[in-house]
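Novice: Sharing a model that was predicted from the sequence below.
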Amino acid sequence: MGSDTQRTRRYPPKPADAYLFATCLVDQFAPQAGLDTVRLLEREGIAVHFPEEQTCCGQPAYSSGYPDEARAVARRQLELFTQPWPVVVPSGSCAAMMRHHYPKLFANDPALLAKAVALSDRIFELTEFLVHVVGFRREDCGAPCTVALHTSCQARREMGVAETSGALLADLAAVTVAVQARAEECCGFGGTFAVRQPDISAAMVTDKVASLKESGAQSVVSADCGCLFNILGRAAKQDELAGRRQASLPGEHIASFLWRRTGERHEQ
Amino acid sequence: MSQPIEFHPSFAERSKAAVNDAHLRQSFRGAMDFLQAKRRAQFPDAAALETLRDLGADIRRYALANLPALLEQLEAQLTANGVKVHWAETPDEANAIVLDIARRHDATRMVKGKSMVSEEVGLNHAMAAAGIEALETDMGEYIVQLAGEGPSHIIMPAIHKTKQQIAELFAAKLPGVSYTDNVDELIRIGREVLRKKFAAADIGLSGVNFAVAETGTLYLVENEGNGRMCTTVPRVHIAITGIEKVVAKLDHVVPLNSLLPRSATGQPVETYQNFISRPRQPDELDGPDEVHLILLDNGRTQAYADVQLRATLQCIRCGACMNHCPVYARIGGHAYGTTYPGPIGAIISPHLLGLADTYPLAFASTLCGACAEVCPVRIPIPDILIRLRNEAQARPGTTAASLRGSGAARTAGISAIWRVWSLIYSRLGLYRLTSWFMSRGRALSPTEQGAWTKSRTPLVPAPKRLRDLLRERQR
Ligand code: SF4
C-alpha cells in the first residue's frame, strides 16, 4: 500500500507557484470546490496554474480493469506539468492515483516511468498541502457549528493523510467536529463499484449516512468529491422519499468550507 | 472436482439476498466490530506493529522465494523424522491419498481438527461417499457440520449463527438434548459428544499453520484442545496443508505467531500450540503410530509463477482482512460461494477454481484498502484485485490474459464504453466538447442513472465547468 512509502514523505517549503490538477469530477460537477481551492492557495501568496489540457487522472478505467485505456488518459496528464512546481489535487483518490499508481501503470516503459516517478514526487492532496507545505492558519470568522468529516479511503490509506483534514478543521475556533461511529469505514462509492454492486454499495452508504447523522453534525465535509456525491446523494434521496424539503444532511468540499469560514476575502 | 462449491445462484443474487437479510447483517456487524476492537487492543504501539508486519512479510517472502528448495528440505526432514509426505496436485488426489491411508487401516471413523484445506478439497464429502465418518471437532466447525453448511469465516466458522440458532440446532439434531441457549451449557453438550468420538476414532486429521523446513516440524495452533486430541489420540494422524505454508526456520515461527492470533481473534496467544515432528517413539506414552503430511497444490503454482500474484501465497490465514472488510461485513461469508471468503477469498480463489467462475469476487470491492492495512504479512490486496480485474477482462490470446479463465468477464459492450471513455479523456478537444455539452445540456441530464439513482439522487453537471469559471475570472 502507498501508506508504507508515505510514512517517510518529506515536504518542501511553501512555493511561489503551484499547479492545480482539479480532477474531472470537480471540473464538471463541483467547480466551486476547484475555484475555492484556487482562492485558498492564492490568498497564501501562491500563484496557481491550471493547465487547460487536463482531463482525468485515469482512475475510473484503472480500477475497473482497463489498464490500456487508463494509460492512454494518464499519459496525457504526464505531459502537463512542465515546471518543477508542486501539483495540488483536491481529491485524495485522484492524488493517490497520480502519486502511487502512475508508476505502476508505466512500469514497462522506462521513459514514461521516469516521468511518472518524477511527477509522483510532486503530487499533493489539498489538505496535505495546506497543512504540511503551506502551514495554513487562518482565523475562523463563522458562526459556531458542528460538522462531521469524511476522509476518503485513498486519502487515509494510500496517501496516508488521515489526519490533515481533521487538523484543518480543529484549527477553526467555532467549528466542532462531531464524533462518528466507524469513521474509517468506506462510504461504499468505489467508482464503478457503486453501479456494479448496487445493493452492497447502497447498504454501505446508507450505514455511512446514518452514522454521520447520528453524530449530531449539521453538515458533512470531505476532501473527496466522489465520496461526497455518494453520501449527499443518498441523504437527498432519503429526504426525497420522506417528502422532506430541507436537506437532512447537507455537505460540501472542504475547500469551500475553509474558504467560507476564513472570510472569503484575500485581505483580512 | 469434489469441492462443495455453489456458483448458482450467482454471486450477485447471493450477495443481494445477504444484504437484505437484516438478521445476518446485524450479527456480522456486531461480530466484526467486536473483532476489530479486540485486534486494535492487541497492537497499542503502531510503530512496533509496522516493524513486526515488515518482519512477517519478509519471512513469508523469503519462504516463497525459496519455495522449491524449502519444500524439498521439508520433505527430507519429515521423512527422516518418520513422517510420511504425500504430494497432491488436485483435491481428488488429496482425497484419494486420505482414503488410501484409511483403507490400509480399515478405518471408518475420523475426527478432524480445523482445516480450511480439508474444506477446500471437500474432504468430508469424499469420506462420506466412501463410508467413513469424518467428524468436525472444532466447536464452530461441529456446529456448521451439524447444520449441513460450510464455514462462513476461516477462523470462526459459525460466526453467522446466533446462540438461539445453535440451541435450536442442538435440540433438533442431538438425541436427548433439549433447548438451551446458555452458551456454557451448549459447549458442554458439544464436548460431551466429541469426547466419546475422540476415543473411538481411527484417524485424526488436522491442518497445519506453518511447516518448518529446517526441523521438519508441523506447527499447529488452536484454542479448544481438540487439535491436540486429533493429533495425539488416534493411531494415525494425517495433516493436510497447501504447499505455500512452509517456512525456512523454527525461529521464523515466533514473529509469525506473534502476528497470527493477535490479528485473527485479538488474543495475545493461542491456548494450544502444537509442534508435531514425528510419530510416537517406543519410549513415549502417547501420540500416533503414523503421521502423514499431504501437501496440496490445487492451483497455487499458478499464483507462484507470477511475480505479482505470488504475494497471495504469503497469507497466514488469520482472517483479519475479512474482519475489516466492509463488503464482507455486509454479506457474510456464504455469499462468496467459495471455501475462502472475504478479501483473501477474492484473491486466492481464482487460482483454485479458475477466474471464469470467481471473477465477480474481484469486483466485489471498493478497493478501500482496509484489508491491506491490517494484513499482518502486507499482501497488497487491492493491487491484486485490480490485476485480477485486468485479467478477467483481458483479450484472450494476449499477454495480458495469463491465468486460467482470463478474459471470461470481457464483453464487447463494456470494452467499447471504456475505449470511448479513453478517447474522450485523452483528447482535449473531445473532452472540451463533451464536457461543454454536458454543462449546457444539464437540464437534459437523465434523472434515471441506472443503479446509481436507485438509492441516490442523480448527478447533475454544474452550469459552468471549473475551466469556464477560471477563464471568466481572468478576464
Ligand atoms: S490475506 Fe492477510 S489479512 Fe487476509 S487472511 Fe491472509 S494474512 Fe490474514
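Specialist: Right, received. Where do you want to start?
Novice: Quick one: residues contacting B:Val111.
Specialist: Going by Cβ atoms under 8 Å, 6 or more residues apart in numbering or on different chains, B:Val111 touches B:135, B:137, B:194, B:197-198, B:201, B:203-205, B:226, B:229-230, B:233-234. Any C-beta I mention is one placed from the backbone N, CA and C, and that applies to glycine too.
Novice: just the helices in the stretch 101-250 of chain B please.
Specialist: Along the stretch 101-250 of chain B, the segments classed as helices by DSSP state H, counting those that start in this stretch run B:116-120, B:123-129, B:139-146, B:163-173, B:183-200, B:226-232.
Novice: Show me which residues of the fifth one are buried.
Specialist: If you call a residue buried by 16 or more other Cβ atoms under 10 Å in any protein chain shown, then helix B:183-200 has these buried ones: B:Leu186, B:Ile189, B:Gly190, B:Val193, B:Leu194, B:Lys197, B:Phe198.
Novice: Now do that helix: which elements does it pack against?
Specialist: When contacts are defined as 3 or more Cβ pairs under 8 Å, 6 or more residues apart in numbering or on different chains; DSSP states H and E, helix B:183-200 sits against strand B:109-112, helix B:139-146, helix B:163-173, helix B:226-232.
Novice: Stretch B:316-330 near the ligand anywhere?
Specialist: Yes: for stretch B:316-330, a contact with the ligand is found by Cβ under 6 Å from any ligand atom, at B:Ile316, B:Arg317, B:Cys318, B:Gly319, B:Ala320, B:Cys321.
Novice: and the last one, how far is that from B:Tyr340?
Specialist: Between B:Cys321 and B:Tyr340 the computed distance is 10 Å (Cβ to Cβ, to the nearest Å).
Novice: what does the stretch 1-150 of chain A put close to chain B?
Specialist: Counting by Cβ under 8 Å from any Cβ of the partner chain, the stretch 1-150 of chain A comes close to chain B at A:1, A:3-4, A:7, A:22, A:24, A:26-32, A:34-35, A:38, A:50, A:52-53, A:55-56, A:58, A:60-70, A:72-73, A:75-76, A:104.
Novice: Of these, grab the buried ones for ChimeraX.
Specialist: ChimeraX command restricting the residues of the stretch 1-150 of chain A next to chain B to the buried ones, with burial defined by 16+ other Cβ under 10 Å:
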select /A:1,3,4,22,24,26,27,28,29,30,31,32,34,35,38,50,55,56,58,60,61,62,63,64,65,66,67,69,70,72,73,75,76,104
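Novice: Next step: the residues of the stretch 1-150 of chain A next to chain B restricted to helices.
Specialist: Judged by DSSP state H, those include A:3-4, A:24, A:26-29, A:31-32, A:34-35, A:38, A:60-64, A:67-70, A:72-73, A:75-76, A:104 as members of helices.
Novice: in the stretch 151-268 of chain A, which segments are predicted with low confidence?
Specialist: Residue ranges of the stretch 151-268 of chain A with pLDDT under 70: A:267-268.
Novice: Could you check which residue of it lies nearest the ligand?
Specialist: Proximity of the stretch 151-268 of chain A to the ligand (Cβ to the nearest ligand atom) peaks at A:Arg157, 14.3 Å away.
Novice: Tell me which residues touch the residue lying closest to that residue once chain neighbours are set aside, please.
Specialist: By the measure of Cβ to Cβ, 6 or more residues apart in numbering or on different chains, the closest residue to A:Arg157 outside its immediate chain neighbours is B:Gly369, 3.9 Å from it. Taking Cβ under 8 Å, 6+ apart, we find B:Gly369 in contact with A:Met1, A:Cys153, A:Gln154, A:Arg156, A:Arg157, A:Glu158, B:Ile381, B:Pro382.
Novice: burial measure for A:Gly243, as a count.
Specialist: A:Gly243: 6 surrounding residues under other Cβ atoms under 10 Å in any protein chain shown.
Novice: tell me the SS of the residue nearest the centre of chain B?
Specialist: Taking Cα atoms, centre = their mean, the centroid of chain B lies closest to B:Tyr340, which sits 3.3 Å from it. The three-state label given to B:Tyr340 by DSSP: H, G, I helix; E, B strand; the rest coil is coil.
Novice: Distance check, the closest residue to it other than its chain neighbours against the ligand.
Specialist: Excluding the flanking residues, the one nearest B:Tyr340 by Cβ to Cβ, 6+ apart is B:Ile348, at 5.5 Å. To the ligand, B:Ile348 is 8 Å away according to Cβ to the nearest ligand atom, to the nearest Å.
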